[in-house]
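In: my questions concern the predicted model and sequence given below.
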Amino acid sequence: MTDPVLLIHGGAWAIPDELVEAHLNGVKKAIDAGWRVLEKRGSALDAVEEAVVIMEDDEAFRQLLRGLNKTFYHQTVTTQEVEQYMSQVVGMNLSKVFDQYLRHTTIPTLEYRFNGQQIQYRWVSDVKDFNMPVKVKLSDNGLS
C-alpha cells in the first residue's frame with residue numbers, strides 16, 4: 001500500500017504579488033483541513049470536500065471567481081469561453097489541461113526520477129503533449 005498524498009491545486013491564474021502570501025496560506029489551510037480528515041480515517045471524498053469548503057472561504061480564490069462573474073455577468077457562456085478566459089487571466093494556454101480534466105476520466109500522473117543532480121519528469125496523461133506547470137522544492141528531506 002502506498003502512503004496517501006493530498007494535493008491541492010491552488011488555481012491556474014496570474015496571482016497578483018500582493019495576494020501571493022494570502023493565496024498560499026489559503027492552500028495550506030485547505031491541505032491541513034483535508035489531512036485532518038484523513039488522519040481521523042475519513043474517506044478521500046470527505047477530505048476533498050473539507051478542502052473545498054476551506055478554499056471557497058479563501059479571498060484569493062474568490063477573487064478569481066468574481067472575475068468570472070464580472071466578465072460573464074448575465075450571459076450564457078460555453079465551456080470554451082470559460083477556458084479561454086482562464087487562459088487569458090493566467091497568461092498561458094491551458095487548453096490541454098482543460099482537455100485532460102474535463103474530457104477524460106483519468107487523473108494525470110507526474111512521474112519523476114533523479115539523475116545525479118538533476119530531476120527528470122514527465123506527465124502520463126490521456127492528452128498528447130499534456131503539460132501542467134509544477135513548482136518543486138528540493139531540500140535535504142527530498143521533494144516538497
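Out: It's in. What you are looking at is a predicted structure, and each value in this text was computed from that prediction instead of being measured.
In: CA only for contacts and neighbour counts going forward, please
Out: Noted.
In: what's the mean pLDDT across whichever strand or helix holds residue 80?
Out: Here residue 80, judged by DSSP states H and E, is contained in helix 79-90. Summarised as a single mean, pLDDT over helix 79-90 is 85.
In: and that helix, what does it pack onto?
Out: In terms of contacts (3 or more C-alpha pairs under 8 Å, 6 or more residues apart in numbering; DSSP states H and E), helix 79-90 is packed against helix 95-103.
In: worst-scoring helix or strand of this structure, pLDDT-wise?
Out: strand 142-143 (a mean of 62; mean pLDDT, DSSP states H and E).
In: one step back: the helix holding residue 80 vs helix 95-103, what angle?
Out: 140 degrees (axes from the mean of the first three to the mean of the last three C-alpha atoms, to 10 degrees).
In: can you give me how far helix 79-90 is from the chain middle?
Out: 15 Å (C-alpha atoms, centre = their mean, to the nearest Å).
In: in it, what counts as buried?
Out: Across helix 79-90, burial judged by 16 or more other C-alpha atoms under 10 Å covers 83, 84, 85, 86, 87.
In: alpha carbons only: can I get it in PDB?
Out: The C-alpha trace of helix 79-90 is given here as PDB (Å, rounded to 0.1, in the frame of the first residue of the first chain):
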ATOM      1  CA  THR A  79     -17.200  25.900 -21.700                       C
ATOM      2  CA  GLN A  80     -14.800  27.100 -24.400                       C
ATOM      3  CA  GLU A  81     -15.400  30.700 -23.400                       C
ATOM      4  CA  VAL A  82     -14.600  30.000 -19.700                       C
ATOM      5  CA  GLU A  83     -11.500  28.000 -20.800                       C
ATOM      6  CA  GLN A  84     -10.300  30.900 -22.900                       C
ATOM      7  CA  TYR A  85     -11.000  33.400 -20.100                       C
ATOM      8  CA  MET A  86      -8.900  31.300 -17.700                       C
ATOM      9  CA  SER A  87      -6.100  31.000 -20.200                       C
ATOM     10  CA  GLN A  88      -6.100  34.800 -20.700                       C
ATOM     11  CA  VAL A  89      -6.000  35.500 -17.000                       C
ATOM     12  CA  VAL A  90      -3.200  33.100 -16.400                       C
END
